[in-house]
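A.B. asks: Can you look at this prediction? I've put the sequence above it.
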Amino acid sequence: MCIFCSIVNKEIPSSCIYEDDQVMAFLDLSQVTKGHTLVVPKKHYDNLLECDDETLAHLIQVVKMLAVRISERLNAQGVNVLNNTHEAAGQTVNHLHFHIIPRYSENDAVV
Ligand code: 5GP
Ligand code: ZN
């Protein structure tokens, strides 16, 4: 069972902030900083390297749009956009996702 597939299918609850036919974005449970968001394709891909270019192109457009929207709404001074691929790089959930981590000062998070 994949936890993010369960979130996409609304089998387990999440704080969804964006959804279209291909992509969903919801708040990360850990909230490394206020507004920390995960953006996932609705279709399951284990990681970035498994994802087809067409899906990835749409996904990254949504990531950028939300990075702008979240930063403006929360008055962030900057934003980290990151992806972890494979366990050695820190991936803990094997469903492709991008993190959007709003930054308020240089010392507000360790990522
Ligand atoms: P990774 O380390 O794989 O790049 O990031 C996985 C992220 O998923 C972590 O930041 C973790 O807090 C988040 N996460 C794990 N389980 C859940 C969950 O059930 N709901 C939400 N919203 N986030 C989760
Ligand atoms: Zn999945």
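C.D. replies: Thanks, I have the structure now. Numbers count the residues shown, from 1 in each chain. Ligands and ions are numbered 1, 2, ... in the order given.
A.B. asks: partners of the residue nearest to the spatial centre of the chain in the sheet?
C.D. replies: The residue lying closest to the centre of the chain (C-alpha atoms, centre = their mean) is Leu38, at 2.1 Å. Beta-bridge pairing for Leu38 (DSSP bridges): Phe26, His99.
A.B. asks: Count the residues that sit near Pro13.
C.D. replies: Using other C-beta atoms under 10 Å, Pro13 is surrounded by 9 other residues. For every residue, glycine as well, the C-beta is placed using N, CA and C.
A.B. asks: brain fart, Tyr45
C.D. replies: The burial metric for Tyr45, expressed as a neighbour count using other C-beta under 10 Å, is 18.
A.B. asks: where's it relative to ligand 1, distance?
C.D. replies: Shown here: Tyr45 relative to ligand 1, a distance of 13 Å by C-beta to the nearest ligand atom, to the nearest Å.
A.B. asks: Let me see the contact set for the residue nearest to the centre of the chain.
C.D. replies: With C-beta atoms under 8 Å, 6 or more residues apart in numbering as the criterion, the residues that contact Leu38 are Phe4, Ala25, Phe26, Leu27, Asp28, His97, Phe98, His99, Ile100.
A.B. asks: Quick one: name the residues of the protein near ligand 2.
C.D. replies: With C-beta under 5 Å from the ion as the criterion, the chain meets ligand 2 at residues Cys2, Phe4, Cys5, His44, His95.
A.B. asks: where do the helices sit along this protein?
C.D. replies: Counting by DSSP state H, one finds helices in the chain at the ranges 3-8, 53-74.
A.B. asks: now check the longest one, is it near ligand 1?
C.D. replies: This means helix 53-74. No. Legend: contact between helix 53-74 and ligand 1 by C-beta under 6 Å from any ligand atom is lacking; minimum distance shown is 13.7 Å.
A.B. asks: ditto for the first one
C.D. replies: Yes. In this structure, helix 3-8 sits against ligand 1 according to C-beta under 6 Å from any ligand atom; the contacting residues are Ile3.
A.B. asks: Let me see the residues that make contact with that helix.
C.D. replies: For helix 3-8, the external contacting residues (C-beta under 8 Å, 6+ apart) are Ile12, Pro13, Ser14, Met24, Phe26, Leu38, Val40, Lys42, His44, Val93, His95, His97.
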